[in-house]
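> Starting from these lines, generate the structure:
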Amino acid sequence: MANPAVVFGGPSPEHDISVLTGLQAARALAGAGRAPTCLYWSKGNDWYEVDALLEGRDFADGPPRKARPLRLVTGVGGGFVGDGGALRKERPLSLSAALVCCHGAPGEDGTLQAALDLAGIAYTGPDRAWAALGIDKLAFGEVCRGAGLPVLPREAVIEEDGWSPSFPGPYIVKPRFGGSSIGVVVAADAAAVAALARQSVHLRAGAVVEPYLEGSFDIEIGARAYPALELSAMAKPERSGAIYSYREKYVGGEGMVSAPRELNPELPEPVAKLVREAAATIARVCRLRGVARVDFLVDGGAVWVNEVNTIPGSLSKYLWEPAVPFVSLLDAMIEEAAARPTVAWTTEGADGTALRSAGSIAGKLG
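Here you go, the predicted structure:
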């Protein structure tokens, strides 16, 4: 598809990882002759057009040199608009679709998706509803439970005297709206959970608690629905502590690509079958778009759905290659953006009848 954009960054704790994902995607598209336009969303909530061949270190202190300011304009004829200078008109960017590489709120929670919908820009990945559901650990867990999938007990942390989970500890405490293991901690009891919820900046917007299963391990699998429902290889991340930490995932120089893991681990066939079936069910129930990664916990022969990453780090390229080359994965996502629109608004029924029969507003206030 001609003129794709790559969108990355954003005012999120996962800003830096998003930059790495975006640059990886931009470099792959540029190498395949796609000539992507790179749109950097700063931590200060500003937009810039930047070069596709920059490195992560160029963004370490903010927008890189020669970054060109942009505005995101909604409405008819909206889109990304460049600064035309004092004597020139503003320059609208001609974009066929936006490859969204933003992790964490507001790039992955539906906020950016809604803005792109209002601006009339086709984009990859989850629509605004799927994005909001995927980032809400409590709501996503209940959707999985309703679909008959195995889910550990999970409850919202309530900040009131005497609150206690309905199941015994120790506990895993997670930000209700967040990812990348940021803010995730282990707590021994309800008092420790409550204290952490008050103290951690990552938990103040909401926290969930679930049982901590010592001895369990993680399994990841990728899923996409275009051009047809397809699952990737599986991976078993290597973790050194109680949780698969942010440092283990990302502080290796290349984002998720360089994180330690075992690809295609040996699993009992019933376990592998349950993982595949659960991932396929989630893809169907949650209206999967783009490429998602579903994370599971395995303890002996038991399997539980843990969470979903609707815009995973490095777009989970390591789970798809070599069967699906990275640029092919990106091309399919960009094609899907046009083939499966995210909005279908209608004004059918808003024909003015209610307005003409409403009478005086002043009279209704009397």
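> three-state assignment of E210?
Put simply, E210 is strand when judged by DSSP: H, G, I helix; E, B strand; the rest coil.
> residue contacts, the nearest residue to it once chain neighbours are set aside?
In space, E210 comes closest to R154 once its chain neighbours are excluded; the distance is 4.5 Å by CB to CB, 6 or more residues apart in numbering. Where you see a C-beta, it was placed from the backbone N, CA and C, and this is true even at glycine. Applying CB atoms under 8 Å, 6 or more residues apart in numbering to R154 gives the contacts K137, L138, G141, V208, V209, E210.
> For the fourth one, which residues are in contact?
Residues touching V208, when contacts are defined by CB under 8 Å, 6+ apart, comprise K137, L138, G141, R154, E155, A156, V157, V173, K174, R176.
> For it, give me the pLDDT.
For V208, the pLDDT comes out at 95.
> Would you mind measuring from it to V50?
Distance from V208 to V50, counting by CB to CB, to the nearest Å: 36 Å.
> same question, the second one
L138 is 36 Å from V50, where distance means CB to CB.
> Which one of the two is surrounded by more residues?
Neighbours were counted for L138 and for V50 using other CB atoms under 10 Å; V50 has more, 26 against 16.
> and the more buried one, what pLDDT?
V50 carries a pLDDT value of 97.
> OK, contacts around it?
C38, L39, Y40, P63, P64, K66, A67, R68.
> Closest one of these to E336?
Using CB to CB, L39 comes nearest to E336 of the contacts of V50, at 19.0 Å.
> Dump the contacts of R154 into a markdown table; add distance to L112 as well.
As requested, these are exported to a markdown table (distance: CB to CB, whole Å):
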| residue | distance to L112 |
| --- | --- |
| K137 | 19 |
| L138 | 22 |
| G141 | 24 |
| V208 | 23 |
| V209 | 29 |
| E210 | 28 |
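> From these, pick the one nearest T353.
L138 (41.0 Å).
> Would you confirm that that closest one belongs to a strand?
No. Counting by three-state DSSP, one finds L138 to be helix, located in no strand.
> Is it in contact with I158, as I believe?
No. Taking contacts as CB atoms under 8 Å, L138 lies outside contact range of I158: 11.8 Å.
> just to revisit the earlier point, which of the contacts of V50 fall in strands?
Cross-referencing the contacts of V50 against strands under DSSP state E gives C38, L39, Y40, R68.
> so how far is Q113 from the first one?
Right, the one you point to is C38. Distance from C38 to Q113, by CB to CB: 19 Å.
> same deal with the second one?
The spacing between L39 and Q113, counted by CB to CB, is 15 Å.
> circling back to that earlier point, buried ones among the ones in strands among the contacts of V50?
Using 16 or more other CB atoms under 10 Å as the burial test, these include C38, L39, Y40 as buried.
> ok, so of these, who is nearest A283?
Using CB to CB, L39 comes nearest to A283 of those, at 27.6 Å.
> Helices of the stretch 151-300 of the chain, start to end?
All helices of the stretch 151-300 of the chain, identified by DSSP state H, counting those that start in this stretch, fall at 190-199, 246-250, 269-285.
> how close does R154 get to K137?
Relative to K137, and taking CB to CB, R154 is found at 7 Å.
> ok, now A52?
Counting by CB to CB, the separation of A52 from K137 is 34 Å.
> who has more neighbours, those two?
Just comparing A52 and K137: by other CB under 10 Å the higher neighbour count belongs to K137, 23 against 18.
> Tell me the strands beside the helix or strand encompassing V305, with direction?
Under the criterion of DSSP states H and E, V305 resides in strand 302-309. Strand 302-309 pairs in its sheet with strand 291-299 (antiparallel), by DSSP bridges.
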